[in-house]
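**Student:** Next input, structure requested:
(2 chains)
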Amino acid sequence: MQNYDSSDRYLKNLDDGNREIALTTDDLHVAYGTHEAIHGVSLGFERFKITALIGASGSGKSTYLRSLNRMNDNIAGTKVTGKIMYRGLDINGDNIDVYEMRKHIGMVFQQPNPFAKSIYENITFALKRHGEKRKDVLDEAVERTLKQAGLWKQVKDDLHQSALALSGGQQQRLCIARAIAMKPDILLLDEPASVLDPVSTATVEDTLMELKKDYTIIIVTHNMQQAGRISDYTAFFHLGDALEYDETRKIFTRPKIKATEDYVSGHFG
Amino acid sequence: MTARKWDKVATTVLYLISIFIIFVLAFLLLYILISGLPHVSWHFITGRSSSFEAGGGIGVQLFNSIYLLVLAMIISVPLSLGAGIYLSEYAPKNWVTSLIRNAIEVLSSLPSVVVGLFGFLVFSINFKFGFSILSGALALTVFNLPLLTRKVEDSLQAIHYTQREAGYALGLSRWETVIHVVVPAALPGIITGMILGMGRIFGEAAALIYTAGQSSPPLDFSNWNPMYIASPLNPMRSAETLAVHIWKINSEGIIPDATQVSAASSAVLVLFVLLLNLAARYVGNRLYGRLTGVKERK
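**Tutor:** Numbering: from 1, shown residues only, chains lettered A, B, ... in the order given. Down below sits the predicted model:
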C-alpha cells in the first residue's frame, strides 16, 4: 500500500454556529490490547443529515462507529479514550448509563440480526423491556416503524410470523424498524447493505433518505456509489485516522487530500 | 479412478455404514420389545414385585424411577442452567474458567459406578443420608450435571454474537439479553440436552445401587405426606429403581419367572425413555414456538 502522509488532512469543522450538531468526538482513541486502531479522531456530525464513513478494510471506520454508542465496551481488552459529546454530555465517561444512552443512539449491523421472535415481537420486545405495556402504543410503534422502514405493506398480515422467515433485505429493514422503534436521536449503521442484493440495497437506501427527516444518520459503507447517493457529508478513514471530512459532493469531485482522491477514484493501494 | 467414481464409492460406503448402524439399533430395540412386550400387562406395570413367586410386577420400581428422575432433574436443571449461562455469557477467559471447563469434561466421562461409590461415601455415609432417594438423586445430579452444563453452554454458544449485539444496541442489559434473547433462541438445544440427560438418569443403575439402595420399604400409597415414613414421596427411604431391578433379578433373582420379568422390565424402560423423548420434544417445540414466534423449526 502506498504511504500517505497522515498529517496531511482536511477536516471540515461543522461546529461553526450555523448548524445543529448532534454528536462530536474529540480526540477519540480506540485500542484493542496494545494495538491502537483509532489514533485520535475528532469529527462533528450535523443533525438530520446522513454522514458516510468510507475507507478501505482495516481503516478503522467500523471501530470508530461502534465506539459512538459504546458497543466496543463488550469486547474484552478494548480501551476507548477521548470525548464523545452528545447533548453537552461526555458519553464516553464512566458515570454514563450505557443502556439509557443506547436508547438515544441506536445501531443497525452489517448482518441482519432479527431476534428469533415474531416480526411484532422484534419491534416491541425492547419497548416492553423498557416499560411500555400499553397495547395501542405498541401496535402504533409497529405500524409506524414498519412504514418508515418500507416494510409495512409486505408484512402487515404476517406480523406474528417469525422474523427469520423474511428475506435478507426484509430482515435488514426490520432491524432498522426495530432500531427506530426506540425513537433514537442518532442511528448508526455499520455497512447495512453489504450483504444485500441491489434491489434490497436500493430499498434500504430509500428508507434511509426517508428517515433523515427525523434522525441523524451515520453510516459506514464500502460502497462509494452508495455514499455518493445518500450522504450529505463524508469522512474518509485511513489506517485509524480520519484524513478528510467534508460535504460529500466535494469529497467525490474535488478532494483536498491525495489519499482521498486515490480512494474515491479507485487508484488506492 | 476418477473423482466422480471415488465420490460414488465413498457415498456407497457411508450409506452402508449408516445402514449397518441403523440395523444394529433396530435389532436391539426390536429384540427388547419382542421378548419383553408379551409379558407386559397392566398388572405387571402397577403390581408389586414378588421375592420368591412368579407373577410379580414393577409398580413400585417404576414409581421410584420416575420419582428419582423428577428429583434429580429438579436439582440439576437449575444448577446446569446457571453454570452453563455463566460459562457461556459471563465467564472471563482465564485459567480458572478453563480449569472449570476441563473439570466438567473429565466429570462427564466419569464411569457411573465411580459416581455411585462416591455418592455412597459422601451422601450415604458422610452426610448420613443412608440408602435413600435423596442420596440417589444427589448421585444422579453428580452424574448428570457435567453433561447438562456442557450442553447448555454449547447451545448458548451456538447463538450468534450478533443476536447479543442486537440486544445491547436496543439498550438492553446483558442479563436481559441473555434471558430474553439468547436462552429462548437456544432452547431447542437445551431441551434436547435435558431429554438425553433424562434418558441417562432413567436407565442408570450403577450410580444408584449404593446410594438409593436395592430395595424399597413397604409403601403406603394412600399417604403422600413426604414426612411420613412409609410415604412413597419420603425422600429418606431407600428405593429400588427399574434399572436396578433389572440388574438385580438378573444377578441374584430367585423368582422362577426372572427372565420374563427382566425382559418385560427392559421393554417398559425402553418404551418409557422413548415416550419421554417424544413428549419432551413436543413440549420443547411448543415452548420454542411460544417464546420465539417461530411456527415451524427451520
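**Student:** In space, not sequence, find me the middle residue of the chain.
**Tutor:** Picked chain A for this. Nearest to the centroid of the C-alpha atoms of chain A, with distances taken as CA atoms, centre = their mean, sits A:Leu188, at 2.2 Å.
**Student:** sorry, should have said chain B
**Tutor:** B:Met198 (2.1 Å).
**Student:** Hmm, it is touching B:Leu69, no?
**Tutor:** Yes: B:Met198 is in contact with B:Leu69 according to CB atoms under 8 Å; the separation is 6.2 Å. C-betas here are computed from N, CA, C, even on glycine.
**Student:** do the helix or strand of chain B with the lowest mean pLDDT and chain A meet?
**Tutor:** One helix or strand of chain B scores below all others by mean pLDDT, DSSP states H and E: helix B:258-292, with a mean of 85. Yes: using CB under 8 Å from any CB of the partner chain, we find that helix B:258-292 touches chain A at B:Leu291, B:Thr292.
**Student:** Report the buried residues of that helix.
**Tutor:** B:258, B:260-273, B:276, B:280, B:284-285, B:288-289, B:291-292 (16 or more other CB atoms under 10 Å in any protein chain shown).
**Student:** same thing with stretch A:17-25?
**Tutor:** By 16+ other CB under 10 Å, the buried positions in stretch A:17-25 come out as A:Ile21, A:Ala22, A:Leu23, A:Thr24, A:Thr25.
**Student:** Tell me where the model's unsure across the chain.
**Tutor:** As the question left the chain open, I've gone with chain A. A:1-2, A:269 (pLDDT under 70).
**Student:** Sorry, I should have been clearer: chain B.
**Tutor:** Where chain B drops to pLDDT under 70, the residues are B:293-298.
**Student:** part of a helix, is the residue nearest to the centre of chain B?
**Tutor:** Yes: according to DSSP: H, G, I helix; E, B strand; the rest coil, B:Met198 belongs to a helix.
**Student:** Run through the residues that contact it.
**Tutor:** B:Leu69, B:Met73, B:Val273, B:Leu276, B:Ala280 (CB atoms under 8 Å, 6 or more residues apart in numbering or on different chains).
**Student:** related to what we said a few turns ago, and what about the residue nearest to the centre of chain A, helix, strand or coil?
**Tutor:** Applying three-state DSSP: A:Leu188 is strand.
**Student:** phi, psi of residue 42?
**Tutor:** You didn't say which chain, so I picked chain A. Torsion angles at A:Ser42 (phi, psi; degrees, to the nearest 10) stand at phi -120, psi 110.
**Student:** From the structure, what's the count of residues near it?
**Tutor:** By the criterion of other CB atoms under 10 Å in any protein chain shown, A:Ser42 has 15 neighbours.
**Student:** Hmm, A:Thr24 and it touching each other?
**Tutor:** Yes: using CB under 8 Å, A:Ser42 makes contact with A:Thr24 at a distance of 7.4 Å.
**Student:** Which members of the contacts of B:Met198 are the farthest-apart pair?
**Tutor:** B:Met73 and B:Val273 (13.9 Å; CB to CB).
**Student:** buried sites along stretch A:118-135?
**Tutor:** Result for stretch A:118-135 [16+ other CB under 10 Å]: buried residues A:Ser118, A:Ile119, A:Tyr120, A:Glu121, A:Asn122, A:Ile123, A:Thr124, A:Phe125, A:Ala126, A:Leu127, A:Arg129.
**Student:** can you map out the helices along chain A?
**Tutor:** A:61-68, A:98-104, A:119-129, A:135-148, A:152-155, A:168-180, A:198-211, A:224-230, A:248-253, A:258-265 (DSSP state H).
**Student:** Buried residues, the last one. List them.
**Tutor:** Buried positions in helix A:258-265, judged by neighbour count with 16+ other CB under 10 Å: A:Ala259, A:Thr260, A:Glu261, A:Asp262, A:Tyr263, A:Val264.
**Student:** State the distance from the second one to A:Val30.
**Tutor:** Spelled out, that is A:Thr260. Here A:Thr260 is placed at a distance of 22 Å from A:Val30 (CB to CB, to the nearest Å).
**Student:** Compute the number of surrounding residues for residue 3.
**Tutor:** You didn't pick a chain, so chain A it is. 7.
**Student:** Wait, chain B was what I had in mind.
**Tutor:** The burial count for B:Ala3: 7, using other CB under 10 Å.
**Student:** so who does it touch?
**Tutor:** B:Ala3 neighbours (CB under 8 Å, 6+ apart): none.
**Student:** So what does it have for phi and psi?
**Tutor:** The phi/psi pair for B:Ala3 (degrees, to the nearest 10) reads phi -60, psi -40.
**Student:** Which residues are in contact with A:His29?
**Tutor:** Residues in contact with A:His29 (CB under 8 Å, 6+ apart) are A:Glu36, A:Ile38, A:His39, A:Gly40, A:Lys79, A:Val80, A:Thr81, A:Gly82.
**Student:** A:Arg254 versus the second one, what's the distance?
**Tutor:** Computed as CB to CB, the A:Ile38 to A:Arg254 distance reads 27 Å.
**Student:** The first one too?
**Tutor:** Counting by CB to CB, the separation of A:Glu36 from A:Arg254 is 31 Å.
**Student:** Between these two, tell me which one has more neighbours.
**Tutor:** A:Glu36 (15 against 9).
**Student:** Was I right to think the more buried one contacts A:Asp241?
**Tutor:** No: the pair A:Glu36 / A:Asp241 is not scored as a contact, 10.8 Å apart, by CB under 8 Å.
**Student:** Would you mind listing what in the stretch 1-150 of chain A touches chain B?
**Tutor:** Within reach of chain B by CB under 8 Å from any CB, the stretch 1-150 of chain A has these residues: A:69, A:71, A:74, A:76, A:99-103, A:106-109, A:111, A:113-121, A:125-126, A:129-130.
**Student:** out of the buried residues of stretch A:118-135, who's nearest chain B?
**Tutor:** A:Ser118 (2.9 Å; CB to the nearest CB).
**Student:** So what sits opposite that closest one in the bridge?
**Tutor:** Beta bridges link A:Ser118 to A:Ser162 when assigned by DSSP bridges.
**Student:** Quick check: the gap between it and B:Arg290.
**Tutor:** Taking CB to CB, one finds A:Ser118 at 11 Å from B:Arg290.
**Student:** ok, now A:Glu132?
**Tutor:** Distance, A:Glu132 to B:Arg290, by CB to CB: 21 Å.
**Student:** For B:Phe272, give me its contacts.
**Tutor:** Contact analysis of B:Phe272 by CB under 8 Å, 6+ apart lists B:Leu62, B:Ser65, B:Phe202, B:Leu242.
**Student:** which of these has the most neighbours?
**Tutor:** Within the contacts of B:Phe272, most neighbours by other CB under 10 Å means B:Ser65, with 27 neighbours.
**Student:** Which residues of the stretch 51-200 of chain B lie near chain A?
**Tutor:** So the stretch 51-200 of chain B meets chain A at B:92-93, B:160, B:162-174, B:176, B:180-181, B:184-185 (CB under 8 Å from any CB).
**Student:** May I see the ChimeraX selection of the buried members of the residues you listed?
**Tutor:** ChimeraX command restricting these to the buried ones, with burial defined by 16+ other CB under 10 Å:
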select /B:162,163,164,165,166,167,168,169,170,171,172,176,180,181,184,185
